[in-house]
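**Student:** following is a predicted model, sequence given first.
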Amino acid sequence: MQLKQLLCVQEIVERGFRVGDAAVALHTSQPSVSRQVQALEKELGVRIFIRHNKRFLGLTQPGTEVLKIVRRVLRDTDNLRHVGAEYTDQASGSLTVSTSHTQARYVLPRVIQAFAALHPNVTVILRQGPPPQTAQWVHDGEADLSISPDATVPVPDVVLLPCYDHQKIVLVTVGHPLLAEKPLTLEALAGYPLITYDTKFVTTAYVANAFAAAKLVPKIVLTATDVDVMKTYVKSGLGVAIVPKLAYDRKGDRSLRAIDAKHIFAPSRISIGIAKNRYLRSYAYDFIRMLSPNLTREMIDSAVFDGA
């Protein structure tokens, strides 16, 4: 049994059972990937994949169990590399953080600046995407941490550590009629075109639930993944936007006004995602502490490692 055989199995699954795509990702040929899988199946004495006319269609029942072990072995192998790096070169390395645009734009600059001052030889790599994608990157080993609103559908084997809550505001143009509503009501808000996050964001679910509970149907004219794009369309007069409070910059958004909406919409919880049983370099704990001082190394390890 060889690691490259396990890598082939994992990559085939990650690429939607497209062997050609798996071969490209592994920098090898399609026949080579197929031979590696066949050799592993012969050694184990079971079929891992369901096939039809040489096409891979899915996992067999024993294949499902094999995949769980394959992922655990590959993760532990990656952990061994991290341990080696930790003790041979403690001062340098990289930290890949998957996050949403809002976190990257409005929360992380101060954290990354402080982190860079403490660890000048560590490169921080930001990957931006919607919450399900940020957590999936952690699951797939393509990111060390995710910082994002909790996804509506949890990603398996990714531990979410609560960090802080986002309260919501409604962004309008200067002189907008909603500024006279004190306090703002859902009924008043439903009377105007709305701009909100894409449906992949949990914020959208909170907004939809609030209107549904009040038996109101909002008129959503635009959804987006980028809060700065949403601001642009508010300024153009397309509608009013429901966004996190931290996204409003009084100086930078002089043509906009923020209306408090925490009494209307539930806050969004922001969490740090870490793969189950994933070994982190010591500087990763520093990064987490700078973002959320209440999360100690002991708390993180207790949540991440089985039996800790």
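**Tutor:** Now that the structure is in, tell me what you want to look at. Residues are numbered from 1 along each chain as shown.

**Student:** alpha carbons only for contacts and neighbour counts from here, please
**Tutor:** Will do.

**Student:** quick check: domain ranges of the chain?
**Tutor:** Following the assignment in automatic domain parsing, the chain carries domains at 3-85, 92-165+269-304, 168-266.

**Student:** and the ones you listed, which is most packed in?
**Tutor:** domain 92-165+269-304 (a mean of 19; mean count of other Cα atoms under 10 Å).

**Student:** circling back to that earlier point, mean pLDDT lowest for which of the domains of the chain?
**Tutor:** Note on those: domain 3-85 shows the lowest mean pLDDT, a mean of 85.

**Student:** the strands in this protein, which residues?
**Tutor:** 49-52, 55-59, 93-99, 122-128, 145-149, 158-166, 168-173, 194-197, 220-224, 240-244, 256-260, 268-275 (DSSP state E).

**Student:** TSV for these, including distance to A284?
**Tutor:** As requested, those are exported to TSV (distance: least, Cα to Cα, whole Å):
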stretch	distance to A284
strand 49-52	37
strand 55-59	35
strand 93-99	7
strand 122-128	10
strand 145-149	8
strand 158-166	14
strand 168-173	29
strand 194-197	29
strand 220-224	31
strand 240-244	26
strand 256-260	35
strand 268-275	11
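
**Student:** tell me which of those strands lies nearest to A25.
**Tutor:** Comparison of the strands of the chain against A25 by Cα to Cα identifies strand 55-59 as nearest, at 16.7 Å.

**Student:** quick check, A224 in contact with T232.
**Tutor:** No - using Cα atoms under 8 Å, A224 is not in contact with T232; the gap is 11.1 Å.

**Student:** shared neighbours, those two?
**Tutor:** By Cα atoms under 8 Å, 6 or more residues apart in numbering, A224 and T232 have no common neighbours.

**Student:** so the residue nearest the centre of the chain versus Q103, what's the distance?
**Tutor:** What sits nearest the mean C-alpha location of the chain, by Cα atoms, centre = their mean, is T134, with 2.0 Å. According to Cα to Cα, to the nearest Å, T134 and Q103 sit 12 Å apart.

**Student:** what do these two both touch?
**Tutor:** In contact with both T134 and Q103: I147, S148, using Cα under 8 Å, 6+ apart.
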